[in-house]
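S.K.: Following is a predicted model, sequence given first.
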Amino acid sequence: DAKTTQPPSMDCAEGRAANLPCNHSTISGNEYVYWYRQIHSQGPQYIIHGLKNNETNEMASLIITEDRKSSTLILPHATLRDTAVYYCIVRTRSNSGYALNFGKGTSLLVTP
Amino acid sequence: GAVVSQHPSWVICKSGTSVKIECRSLDFQATTMFWYRQFPKQSLMLMATSNEGSKATYEQGVEKDKFLINHASLTLSTLTVTSAHPEDSSFYICSASLDEAFFGQGTRLTVV
């Protein structure tokens, strides 16, 4: 699986958009970009994933650059409950069981 | 979405005793489940892959005789930490996947 690089930490004011970047310059053509987050003392939670098109769901939007070497997770209106470590993971898609290779992620702090 | 349930959420045990942690997929069958360990301020590290009806596979450096894994049904995997010591104190998390990976709530193990 391709390696990803994320900033170690970011701050965001409550109510503002949180834009979390991820570099994955070695991504291959059949690899997807996945985002998970982990709130303190909880298991990770799936957020969103994409291949090359931008994606949006009820939690977030995912913007992938045209060359697919980087992406940005957008939380449009951050709340205090969005404070968590966000992990960007690149991997091939599979319908069978698979483990995830977690890097260090970005620790997002949403402030009042 | 799919749910993975882990029990207990936290446990305190005496050094030398064994502790069993359960991981259940509540609304889907999982032939493969995964066990991770997370030390404070670190990322999740894959410990082992639990395979229904066959032996688990362990990551390098993880002692199979210490971390016993049983996957007797398609919805239940158990991790038993045998002869626990204080250095085994950690946050243990299980996972099962369909299209996306789903994680249990985690188990905080403290060995005193």
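M.R.: That came through fine. Keep in mind the model is a prediction, meaning the values are calculated, not measured.

S.K.: For the residue in chain A positioned nearest to chain B, the count of nearby residues, please.
M.R.: Proximity of chain A to chain B (Cβ to the nearest Cβ) peaks at residue A:97, 2.9 Å away. All C-beta spots, glycine's among them, are computed from the backbone N, C-alpha and C. By the criterion of other Cβ atoms under 10 Å in any protein chain shown, residue A:97 has 19 neighbours.

S.K.: Mind telling me which residue is nearest the centre of the chain?
M.R.: Looking at chain A here, since you left the chain open. Closest to where the C-alpha atoms of chain A average out (Cα atoms, centre = their mean) is residue A:35, at 3.2 Å.

S.K.: wait, chain B
M.R.: Nearest residue to the geometric centre of chain B (Cα atoms, centre = their mean): residue B:35, 4.0 Å.

S.K.: Can you check what pLDDT the model gives the residue in chain B that chain A sits nearest to?
M.R.: With Cβ to the nearest Cβ as the measure, residue B:32 is the residue of chain B nearest to chain A, at 2.9 Å. In the prediction, the pLDDT value recorded for residue B:32 is 92.

S.K.: again, but for the one 5 residues further on
M.R.: Looking at residue B:37, its pLDDT stands at 97.

S.K.: Tell me the secondary structure of it, please.
M.R.: strand (DSSP: H, G, I helix; E, B strand; the rest coil).

S.K.: Touching, it and residue B:87? I think so.
M.R.: No. The criterion here is Cβ atoms under 8 Å, and residue B:37 misses it with residue B:87 at 11.3 Å.

S.K.: Excluding covalently adjacent residues, which one is nearest to the residue nearest to the centre of chain A?
M.R.: Nearest non-adjacent residue to residue A:35, counting by Cβ to Cβ, 6 or more residues apart in numbering or on different chains: residue A:47, 4.3 Å away.

S.K.: Over to residue B:70?
M.R.: Among residues not flanking residue B:70 along the chain, residue B:78 sits closest, at 4.8 Å (Cβ to Cβ, 6+ apart).

S.K.: same for the host helix or strand of the one you found, what does it pack against?
M.R.: Using DSSP states H and E, residue B:78 sits in strand B:76-81. If you count contacts as 3 or more Cβ pairs under 8 Å, 6 or more residues apart in numbering or on different chains; DSSP states H and E, strand B:76-81 packs onto strand B:19-25, strand B:32-38, strand B:45-51, strand B:67-73, strand B:90-97.

S.K.: Show me what the third one pairs with in its sheet, parallel or antiparallel.
M.R.: Which is strand B:45-51. Sheet pairing of strand B:45-51 (DSSP bridges) gives strand B:32-38 (antiparallel), strand B:57-58 (antiparallel).

S.K.: Now do the strands in chain A.
M.R.: For chain A, applying DSSP state E gives strands covering A:9-13, A:18-23, A:31-38, A:45-50, A:55-56, A:61-64, A:70-75, A:84-92, A:106-111.

S.K.: Packing partners of the second one?
M.R.: It refers to strand A:18-23. Helices and strands touching strand A:18-23, by 3+ Cβ pairs under 8 Å, 6+ apart, are strand A:9-13, strand A:31-38, strand A:70-75, strand A:84-92, strand A:106-111.

S.K.: for the shortest one, packing partners?
M.R.: The helices and strands touching strand A:9-13, judged by 3+ Cβ pairs under 8 Å, 6+ apart, are strand A:18-23, strand A:106-111.

S.K.: Brilliant, that's me finished.
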